[in-house]
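A.B. asks: fold the following for me, if possible:
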Amino acid sequence: MLDVGCGRGRHAFEAFRRGASVVALDVEGEAIKYVRSVLALMKEQGEGQGVFLCVKGDILHLPFPDGFFQRIICAETLEHVREDRRAMQELVRVLAPGGRLAVTVPRYWPERICWALSTKYRRQPGGHVRVYKGRELVEALESLGLRLVAHHYAHSLHSPYWWLRCLTGHLEQDGKEPLVVRLYHRLLVWDIQHPSSPLRRLEEALDPLMGKSLVLYLVKP
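C.D. replies: Numbers count the residues shown, from 1 in each chain. Okay, here's the model as predicted:
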């Protein structure tokens, strides 16, 4: 499995824990060092049986052969890439026939609110360069030969959190955020650490209405 734009590695870690051999790729060297150290520790402690590779690389020039991966995750990455069509072509190229691709991007209307509330949000270095409408993204991926098999929305409780950050003008997590932002962040972290919490059920109920992320699952025939 390839995790493109792996960031701090949460998808790579879970896939490795479930038995996959994992390649984690990101443009940020520090992120790759962190993910490599955690995967090595997981391997040492017997939390994963596969192999792993961590690569500093560019989604526009993936350093892998055609059809190499059975599974690819590209989470919250395409909205950062100016040449997104080229990035999609690379994802399709390295995906094996019969393989599956999971793509997530910010949902259109919650993201548009962030853009409306904060000029800083949409202009920060390395930030989002576009807002996708779901149908447009699906059509772009299907035009490259993929077939959509499922979709859903996720992280509804994250939408108000980002609206708050945009309203307060504090987009960095540096411990100096307004109290309401820090408390909300603690609540989200607590929810992630407690899968059976009532908040999780609330979030699942709200996801179709205000989920911050659009999640697409596609197959390469």
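
A.B. asks: longest strand in the protein, please.
C.D. replies: Across the chain, the longest stretch assigned as strand under DSSP state E is strand 95-106.

A.B. asks: quick one: contacts of that strand?
C.D. replies: Here strand 95-106 makes contact (Cβ atoms under 8 Å, 6 or more residues apart in numbering) with 67-76, 78-79, 91-92, 114, 128, 131-132, 137, 141, 146, 149, 154, 212-221. Glycine gets a C-beta too; all of them are placed from N, C-alpha and C.

A.B. asks: swap in stretch 197-212?
C.D. replies: Stretch 197-212 is touched from outside by 106-107, 110-111, 152-159, 162, 187, 190-191, 194, with contacts defined as Cβ under 8 Å, 6+ apart.

A.B. asks: from P160, how far off is the closest residue to R130 other than its chain neighbours?
C.D. replies: The shortest distance from R130 to any non-neighbouring residue, by Cβ to Cβ, 6 or more residues apart in numbering, is to E79 (5.9 Å). Plainly put, E79 is 20 Å away from P160 if you go by Cβ to Cβ, to the nearest Å.

A.B. asks: check L214 too.
C.D. replies: Note on L214: its distance to P160, by Cβ to Cβ, is 17 Å.

A.B. asks: between these two, which one's more packed in?
C.D. replies: Using other Cβ atoms under 10 Å, the more surrounded residue of L214 and P160 is L214, with 22 against 15.

A.B. asks: I'd assumed K133 was in contact with that one.
C.D. replies: No. No contact is recorded between L214 and K133 when judged using Cβ atoms under 8 Å, the distance being 9.3 Å.
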